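Colleague: Here is the input, now give the coordinates:
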Amino acid sequence: MRIEVASQMAMETRRRLQEEAREIGVSEAYISSLVEDFYTKVRAHPGLGPVFDEVILDNWPAHLETMKRFWESIALRTANYHGNPMPLHKALQNAKPEHFGIWLSLFEETLRETAPNLEVVEYFMGFANVMGERLSQAMFS
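Modeller: Model (predicted):
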């Protein structure tokens, strides 16, 4: 009985958080566009592009789909992403600590260019800052 109640509470919390995100303008369509635009910038960046290309190779379409599921899981609480980003990021042999600042700057720049409002920028940047910090610590500490 307790498990059922906890499960129902978790589902209700997820539903409420999804609704709040959608109310400010977060949608699957926006996430898809954000990921596409952001990784276009990453690939074109002289410092970040080669770091990602050496691991992703010609698998960019699959990587972009994975990133869309990842961000849907984070921003819309969909649970569409099943994986562990830590080992994947550790595979970036030529990544340097300063790359995380560049990554965050490009992400924020993309958000500011594409987001329907400032709330969406702040919403995504909250997640991005936490993820960047955790990944950076895991890779370089």
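
Colleague: Excluding chain neighbours, give the residue nearest to the residue nearest in space to the middle of the chain in space.
Modeller: Centroid check for the chain by C-alpha atoms, centre = their mean gives residue 71 as the closest residue, at 4.4 Å. Residue nearest to residue 71 in three dimensions, not counting chain neighbours: residue 31, with 4.8 Å by C-beta to C-beta, 6 or more residues apart in numbering. C-beta here means a position set from N, CA and C on the backbone, and glycine is covered the same way.

Colleague: what's the burial count for residue 81?
Modeller: Here the neighbour count serves as a burial measure; for residue 81 (other C-beta atoms under 10 Å) it reads 15.

Colleague: what helix or strand is residue 64 on?
Modeller: Under DSSP states H and E, the secondary-structure element containing residue 64 is helix 60-75.

Colleague: what sits up against that helix?
Modeller: When contacts are taken as C-beta atoms under 8 Å, 6 or more residues apart in numbering, the neighbours of helix 60-75 outside the stretch itself are 21, 26, 28, 31-32, 34-36, 39, 43, 56, 78-81, 83, 85, 123-124, 127.

Colleague: ditto for stretch 43-51
Modeller: Outside stretch 43-51, the residues within contact range by C-beta under 8 Å, 6+ apart are 42, 52-53, 60, 92, 94-95, 99, 102-103, 106.

Colleague: Format these as CSV; extra columns: pLDDT, neighbour count and secondary structure.
Modeller: As requested, these are arranged in CSV below (pLDDT from 0 to 100; neighbours: other C-beta atoms under 10 Å; DSSP: H, G, I helix; E, B strand; the rest coil):
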residue, pLDDT, neighbour count, secondary structure
42, 96, 19, helix
52, 89, 20, helix
53, 91, 13, helix
60, 95, 13, helix
92, 71, 17, coil
94, 79, 11, coil
95, 80, 21, coil
99, 87, 19, helix
102, 95, 16, helix
103, 93, 24, helix
106, 98, 19, helix
